[in-house]
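Novice: Okay, sequence plus prediction incoming.
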Protein chains: 2
Amino acid sequence: MPDIDYVLIFKALGDDKRLKIVQMLSDEEKCACKLLEEFIITQPTLSHHMKILCDCGLVDVRRDGKWSHYSLNGEVLGNLKKFVNKLNDGKDGGALCK
Amino acid sequence: MPDIDYVLIFKALGDDKRLKIVQMLSDEEKCACKLLEEFIITQPTLSHHMKILCDCGLVDVRRDGKWSHYSLNGEVLGNLKKFVNKLNDGKDGGALCK
DNA sequence: TCCTAATATAGACGTTTGTCAATATGTTAA
DNA sequence: TTAACATATTGACAAACGTCTATATTAGGA
C-alpha cells in the first residue's frame, strides 16, 4: 500500500492540462503520442506533466518498446475517492453514496 | 447552480494548509480565529488562504459581527465528489459506491 | 551498423504562489 | 466618539511552476 500525499495529488490536478489528461485516462489507457495530439504544447512539456502525475501516484506508466502507455492507478484513485467522500458540510446527515 | 471550476478547486486543495483547513471545516463551521490557532502563520496569510478557498466556491463565509465563520459549501462539495467518483481506471467494472 | 522515431532530461525564462509587515476596514464596548 | 478587537487588503519578495529550446536516451527497422 503506497503512502499517499493528497496535497501532491491535488496539486497535480490543479492544472487544466493535467486535469484533462486524467479525464482522458479515465476508463482507458492512452499512449503519450495520443495525449500529445489533444494539446498545443511541446512533447517535453507533456513529458513534464506526465512525470508530475506519475510522481503523485495517480498515474502509472507501462513501457512497451518505444511507447509509453499511461493509465490511472486504481488503488490511489480509490483512496482519493474515499478521501473526498469523507469530507462533509455540516448541514445534512453526512450522506455519501446512498 | 454555480458554474464550478474544478481546476480552481484542486489548486485550492493543493496546499497543505488549505487542505487541513478544509478537513477542519468538515462537519462543522469554524471561526477564523479558531482556524488561526492551528497554524503558525500570520492572520493576513490565513485570510489570503480563506479567500482562495472561498473564490473556488468550496467554502462559504457567514459574517457575524466581528467574526467570520467558515463552512464547506454542500453543493460544490457534492459536485466535487461526483466529479472524482466518475474517474475510473479501466481495470474493473467502473465501480463506485456499491 | 546507422538512421529514425518516441520519450525523457537539462537549463533558461517569465508567471504565479505563499508568506510577511504594514495598513485599512468594520464591529462592539466604554 | 474613542479604544480595542477581528478580519481584509496592499505591496514586497523568494520559491515554485509551466513552458520552451536543445540535447540525451532508448528502441526498431534499413
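Specialist: Yep, it's here. Numbering: from 1, shown residues only, chains lettered A, B, ... in the order given.
Novice: and chain A, which residues reach chain B?
Specialist: Residues of chain A lying close to chain B (CB under 8 Å from any CB of the partner chain) are A:6-8, A:10-16, A:19, A:22-23, A:26-29, A:71-74, A:77, A:80-81, A:84-92, A:94, A:96-97. Where C-beta positions appear, they are placed from N, C-alpha and C, glycine not excepted.
Novice: what's the neighbour count on whichever residue of chain A sits closest to DNA strand C?
Specialist: With distances taken as CB to the nearest atom of the strand, chain A approaches DNA strand C most closely at residue A:44, which sits 2.8 Å away. When neighbours are counted by other CB atoms under 10 Å in any protein chain shown, residue A:44 registers 8.
Novice: Kindly report the same for residue A:35.
Specialist: Residues contacting residue A:35 under the criterion other CB under 10 Å number 20.
Novice: where does it fall, phi/psi-wise?
Specialist: Torsion angles at residue A:35 (phi, psi; degrees, to the nearest 10) stand at phi -60, psi -40.
Novice: from memory it sits against residue A:46, does it?
Specialist: Yes - here residue A:35 reaches residue A:46: they are 6.3 Å apart, a contact under CB atoms under 8 Å.
Novice: which element follows the helix or strand harbouring residue A:19 toward the C-terminus?
Specialist: Under DSSP states H and E, the secondary-structure element containing residue A:19 is helix A:16-25. The C-terminal neighbour of helix A:16-25 among helices and strands, as given by DSSP H and E, is strand A:30-31.
Novice: what about that following strand, average pLDDT?
Specialist: Taken as a whole, strand A:30-31 carries a mean pLDDT of 97.
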